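Undergrad: no FASTA, just this:
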């Protein structure tokens, strides 16, 4: 068996793009039998430095998280600006957008994935870290997100 590219085996998050975060939060809270978490906006460009397909974008999204033991379920309602979330919703409708992994040395991981034909679609910063969505659709049939915490 070849080396694990991400140097780990733990999935930490599944991200689902939705049209209406309030409705989706209610449905998931009822399904899981838990309290509905609050949603919040991602940071604007001045803090997030978001780039989509290599270009700066003002894209933002409403996010909410369900903590399900070792796995986190993320709900994402994108705004209208260009982003991987908006593109996914417009092309595919609601559904699973990504599987996320926490990594160390993200730059090295991104470079290694690029050499395998998997390029960064969107990247940005968040309080305490940064993220990168990698186009792994052809090989893995789902996008992956790399999360690096500072």
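TA: Sure, I can see it. Please read all numbers here as calculations on a predicted model, not as lab measurements.
Undergrad: what's across from residue 68 in the sheet?
TA: Taking DSSP bridges as the rule, residue 68 bridges to residue 71.
Undergrad: show me the contacts for residue 124.
TA: By C-beta atoms under 8 Å, 6 or more residues apart in numbering, the contact list for residue 124 reads 42, 48-51, 130-131. All C-beta spots, glycine's among them, are computed from the backbone N, C-alpha and C.
Undergrad: Run a quick check on residue 99 versus residue 144, I expect a contact.
TA: Yes: using C-beta atoms under 8 Å, residue 99 is in contact with residue 144, at 5.6 Å.
Undergrad: For the two, indicate the residue with more neighbours.
TA: The residue with more neighbours, out of residue 99 and residue 144, is residue 144; 21 against 17, by other C-beta atoms under 10 Å.
Undergrad: quick one: the more buried one and residue 88, what's the gap?
TA: Here residue 144 is placed at a distance of 14 Å from residue 88 (C-beta to C-beta, to the nearest Å).
Undergrad: Tell me how far the worst-scoring helix or strand of the chain on mean pLDDT lies from the chain's centre.
TA: Every helix and strand in the chain was compared by mean pLDDT, DSSP states H and E; the lowest is helix 137-140, with a mean of 92. Relative to its parent chain, helix 137-140 has a centroid offset of 16 Å by C-alpha atoms, centre = their mean, to the nearest Å.
Undergrad: What residues of that helix count as buried?
TA: For helix 137-140, the neighbour count (16 or more other C-beta atoms under 10 Å) marks no residue as buried.
Undergrad: what element comes up after the longest helix anywhere in the chain heading to the C-terminus?
TA: For the chain, the helix that runs over the most residues, judged by DSSP state H, is helix 21-32. Sequence-wise, the next helix or strand downstream of helix 21-32 (DSSP states H and E) is strand 40-41.
Undergrad: tell me what that following strand is packed against?
TA: strand 61-68 (3 or more C-beta pairs under 8 Å, 6 or more residues apart in numbering; DSSP states H and E).
Undergrad: and residue 35, how far is that from residue 26?
TA: For residue 35, the distance to residue 26 equals 11 Å [C-beta to C-beta].
Undergrad: The two: which has the busier surroundings?
TA: More crowded of residue 35 and residue 26, by other C-beta under 10 Å: residue 26, with 12 against 8.
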